[in-house]
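>>> Build me a structure from this.
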Amino acid sequence: MFSKYILPIFILSITFSSCKTIKPDRPPASSGIELPQAISKANVPVEIPLSFIENNLNQDWNSKLFAENGLPIGSGLTTDIDVTRTGKIVLTGLENNTLRVKIPMNLKGDLKIEKKVFGQILSTNFPFNENISPEISFDPEIESNWELGIKNLEIENWGRSMKYNLLGFEIDLDKVVKSQLQTVLDNQLSAANLSRFDFKSMAQETWDIFSKPYTMTQQGLEVHFYSIPTKLKLTEEITTDQKLNLYVGLEGEMMSKVGSKPKVPKSPLPNIDVNENKANELELILPLILRYEDLDGYLNKEMSGKIIKIDSKTEIVPTDLKTQKYGDKTLLLMDFTGIRKGKKDIKGKMYFAGKPVFDVATESLRFDEAEFDVKSDNGMANIGIRLKKRKIMNQIKKLANYPVGDFLSEARKEMEKQGKFETGFATFQVKNPTLDVQGIYNTEEDVRIYLKSTGQMEVKLKEVK
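Residues are numbered from 1 along each chain as shown. This is a model prediction of the structure:
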């Protein structure tokens, strides 16, 4: 007689041993994986022909370079001198990151000789008017404070001799002009009328655009993304094929916010770090926030009141669905009504816990490694539902899928839109951006879906006007 109870007892023991008890108020410990920072990076090589810089420099070339009065030039002589540009600047890229500048200029002034004769000071002026075309080489460097530095300056050729013999006096204007060349080059290469080619302004524009918020919509909710830029890297390179290559690197943490658009204050440019990366690459990490309250709203819309058929005689109708963190999983809690033919309805609670993963085929969030539990005042009904748990779990998994395909599609379009911006001297455009789900994480308040976008940046210089 005892043997006829062995099979039912065995089935019940298997049923209960395979069902983990879910306790929402006592969730298991998570694996301790910290929420990663959404660090985004952009590295953009900007190729600028030296002819482009020449055209900028030569927009207005009839300008005074410097003027001084009473400059001592040795042997008791002084000079008043005006130096003016008389032609177009010519730039040549040399080896070892060196730039040669040829500046046609006119030197005009008076040499002054003062002698004491019989106690009287006699002064004689000798006017001069000379045209020269010095060739000057130096190493340009954009310094950490965004100033354009000029290093290793050398006069390669004056275009003519700068020495004169006047009434027995040896006069050399080399020292006079050379002492002013640093100032001359500083003024010419960062003149006010070249603000459209101002490296600092260019970087500030890019920095501001990088941190500007933009908005996307997910299931009727507005999600705002913005970055907090932290690093700006730059390396310049003069090439023998007559180009100035700038390797610009930006780095910052991407943030997201649901609801009202955040007010992101503009931050000043940091000092420059050296950029050792010459690749053209863009990598943005976008943390999509899916709040439990928003997930609750979607799941109630999709599942509340929907019939889950267990067998030909029993149906379950879930209502009042809620979600929360449960260890490394997301817990779905729901009230249910069990409808049984010929029997009284039963009421209780069902619990479904699963690890959120991205389903590539359906572009939706599904829940794997599922656990299931049920509680009601009817013990036999609990056993019956547990015996059908696999069928119930499969139906819940299908209904609980959270679609993100429309959001991904909008995000791709938004990436192309936001990836195009203009500065004073160039247009930037992200080419062929990709967008994939990199990882999914549970927090106490929400589920975070980390999206990774990659691409390359195309740069088009604007014509000089």
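>>> surely Lys355 meets Leu365?
No: using CB atoms under 8 Å, Lys355 is not in contact with Leu365; the gap is 10.6 Å. For glycine as for every other residue, the C-beta is placed from the backbone atoms N, C-alpha and C.
>>> More neighbours: which of the two?
Leu365 (22 against 17; other CB atoms under 10 Å).
>>> For that one, give me its contacts.
Residues in contact with Leu365 (CB atoms under 8 Å, 6 or more residues apart in numbering) are 290, 356-359, 401-404, 440, 447, 449.
>>> Could you do Lys347 as well?
Contacts for Lys347 were tallied using CB under 8 Å, 6+ apart; they are 335-338, 376-377.
>>> Please confirm that it is located within a strand.
Yes: counting by DSSP: H, G, I helix; E, B strand; the rest coil, Lys347 is located in a strand.
>>> Asn58 versus that one, what's the distance?
Applying CB to CB, to the nearest Å, the value for Lys347 to Asn58 is 86 Å.
>>> Can you name every helix or strand that whatever helix or strand Trp207 lives in contacts?
Assigned by DSSP states H and E, Trp207 falls within helix 199-211. Counting contacts by 3 or more CB pairs under 8 Å, 6 or more residues apart in numbering; DSSP states H and E, helix 199-211 packs against strand 221-239, strand 243-258.
>>> C-terminal to the shortest one, what's the next element?
Right, strand 243-258. Using DSSP H and E, the helix or strand that follows strand 243-258 in sequence is strand 281-291.
>>> partners of that next one, with directions?
Using DSSP bridges, strand 281-291 pairs in its sheet with strand 39-49 (antiparallel), strand 446-461 (antiparallel).
>>> tell me the angle that strand makes with strand 243-258.
Calculated by axes from the mean of the first three to the mean of the last three CA atoms, to 10 degrees, strand 281-291 forms an angle of 0 degrees with strand 243-258.
>>> Which secondary structure elements does the strand or helix carrying Glu130 sit against?
With elements taken from DSSP H and E, the one containing Glu130 is strand 120-132. Applying 3+ CB pairs under 8 Å, 6+ apart, we find strand 120-132 packed against strand 105-117.
>>> give me that answer again for 10 Å
Contacts defined by 3 or more CB pairs under 10 Å, 6 or more residues apart in numbering; DSSP states H and E place strand 120-132 against strand 77-85, strand 105-117, strand 163-166, strand 169-172.
>>> and the next element down the chain from it?
strand 135-142.
>>> Show me what that next one is packed against.
strand 90-94, strand 98-102, strand 148-157, helix 174-189, helix 199-211, strand 221-239.
>>> go with 7 Å
Contacts defined by 3 or more CB pairs under 7 Å, 6 or more residues apart in numbering; DSSP states H and E place strand 135-142 against strand 98-102, strand 148-157, strand 221-239.
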